[in-house]
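Peer 1: Show me the folded form of this:
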Amino acid sequence: MKITEIHIILSDEKVVKAYVDIIFDNCFIIKGIKIIQGKKLFVSMPSRRKKNGTFVDIAHPINNEFRLNMELQILKAYEQKLKKDEKSI
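Peer 2: Take a look at the predicted model:
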């Protein structure tokens, strides 16, 4: 599966830095990915709250190689978006 588009929507929130939609092979989209600022910046997959209060991912990579590649591409697109927005100010 190849990532064909990454849409970054910057956020003014303290912890959530951006919302991400990612398209694979021009035919499958995952919406609601978040870029979170914790001790370091990380990618959080879309999730929902269960009745017991815990969260479960709705969609996520099932192997580490794909996850790392996807996270790297998302964070790279985020950094490019930040630079582009800084230039337009």
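Peer 1: neighbours around the residue lying closest to Ile3 once chain neighbours are set aside, how many?
Peer 2: Taking CB to CB, 6 or more residues apart in numbering, and ignoring the residues beside it in sequence, Ile3 has Gln73 as its nearest neighbour in space, at 5.5 Å. All C-beta spots, glycine's among them, are computed from the backbone N, C-alpha and C. By other CB atoms under 10 Å, the residues close to Gln73 number 14.
Peer 1: what's the pLDDT at the nearest residue to Val43 once chain neighbours are set aside?
Peer 2: For Val43, ignoring the flanking residues on the chain, the nearest one in space by CB to CB, 6+ apart is Glu71 at 4.6 Å. Reported pLDDT at Glu71 in the predicted model: 96.
Peer 1: cool, and the one 3 residues further on?
Peer 2: pLDDT for Ile74: 98.
Peer 1: So what does the residue nearest to Val43 look like in phi/psi?
Peer 2: Note on Glu71: backbone dihedrals following degrees, to the nearest 10 are phi -60, psi -40.
Peer 1: Could you check how far it is from Asp12?
Peer 2: Using CB to CB, to the nearest Å, one gets 23 Å for the distance from Glu71 to Asp12.
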